[in-house]
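Trainee: Here's a sequence, model it:
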Amino acid sequence: MRQNNKVLAVCLGITVMLGGCSMGTDNVKSTEAETETGVQAGEDQEISMNTENLVSVQDYNGEGYELRNGEETDKIADDNREEIEVAVKKFFSEKYKTDVIVHNLVGAVDGASVFVESEGKPHFHTFAIVPIDVKSKAVKTDSVWSQEGQVENALSAGLFAMAYEKEINNLDAFVNQVIKDYPVVGKNMKAVNNTSSGYYTSHYFISAFDDTFNRLNSLYMKDQNISKEEIRKFLDESKFDPEAVSITLNLFMKEANTEPDEKTYDEIISRIKDNDDLPKGAYALILNDNTIDSKYGTNSNDNSISKNVLNKIVKE
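Mentor: Here you go, the predicted structure:
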């Protein structure tokens, strides 16, 4: 079964495409997969693919990434980058007790989405929104905000990865073996840094969300020195639902002009099912061709294979 590009866009967890959705960004259609990431979609819009925007995944670093109607605010944000960086770092430090590195500013309607990466652990990527008055070209650095649930879900995933460090290392080793055995690759980390929200690596991403993880976030907010052992104990004792942790492998064909290979897909899925050393969670696999649409930060062709996106492999 091959999913269409609208479903793929959201299943990839690229919630950042909706970074300004409350400000009018509505590039993709809302789906069940979108709900999993805790994002509220805008109006029903399809991604319009332009082959001129397609680049090889190995070459894509996040440049050219756009949000709807962000041309004017993008320039204003660039002109005020230093001021915005200071304000966003302050926002994350005060509201989420987390120091961040600012990677990318992307203009949207009435503001800019600012993509950041946390320093140290818990490790995650996310974004905040800085309002901009286009008429006066004023950047409202005293009104930085985050989309509901966006940072919280990313923080939860980072805490999960921190607690299950051994299992995450097993997952990394598993993926590294897969890319040795099959002609597949992932995104480069520059692209991840500039366009992503959640716990991200080049080859997979994790999102975590339910009441257990809300309570875990509260523990972290009270004590940023909480140890990975304490987090692990809390999660083990909570007996959290593994389907609350979504782990998606997002791979691309290594060679240009190569269709996603169904045999490769099926064999990787089989390996996931047979591996008992991976982190607890609900697993999905998406296999794309070699391209990324530079405007949207995701593969926008309709040939991607995603047989189990909505019927994930659950590891207890």
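Trainee: how about low-confidence regions in the protein?
Mentor: Scanning the chain for pLDDT under 70 picks out 1-50, 69.
Trainee: Longest helix in it, please.
Mentor: Using DSSP state H to define each element, the chain has its longest helix at helix 165-181.
Trainee: show me the residues around the residue nearest to Asp241 when sequence neighbours are not counted that make contact.
Mentor: Leaving aside its sequence neighbours, Asp241 sits nearest to Asp210 (Cβ to Cβ, 6 or more residues apart in numbering; 6.2 Å). In short, each C-beta sits where N, CA and C put it, glycine included. Asp210 sits next to Phe240, Asp241, Ala244 when contact means Cβ atoms under 8 Å, 6 or more residues apart in numbering.
Trainee: can you redo those as a markdown table with secondary structure?
Mentor: Formatted as a markdown table, these follow (DSSP: H, G, I helix; E, B strand; the rest coil):
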| residue | secondary structure |
| --- | --- |
| Phe240 | coil |
| Asp241 | coil |
| Ala244 | helix |
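Trainee: From those residues, pick the one nearest Ala77.
Mentor: If you rank the contacts of Asp210 by distance to Ala77 using Cβ to Cβ, Ala244 comes first, at 34.7 Å.
Trainee: since we're on the closest one, how many residues are nearby?
Mentor: By the criterion of other Cβ atoms under 10 Å, Ala244 has 19 neighbours.
Trainee: just Leu219 next, same as before
Mentor: 14.
Trainee: Quick check, it in contact with Phe234.
Mentor: Yes: between Leu219 and Phe234 there is a contact at 6.6 Å, judged by Cβ atoms under 8 Å.
Trainee: Kindly reformat the contacts of Asp210 as a markdown table and extend each row with distance to Val314.
Mentor: Output for the contacts of Asp210, formatted as a markdown table (distance: Cβ to Cβ, whole Å):
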| residue | distance to Val314 |
| --- | --- |
| Phe240 | 12 |
| Asp241 | 9 |
| Ala244 | 11 |
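Trainee: Return the member of these nearest to Arg81.
Mentor: Arg81 lies nearest to Ala244 out of the contacts of Asp210, by Cβ to Cβ, at 36.7 Å.
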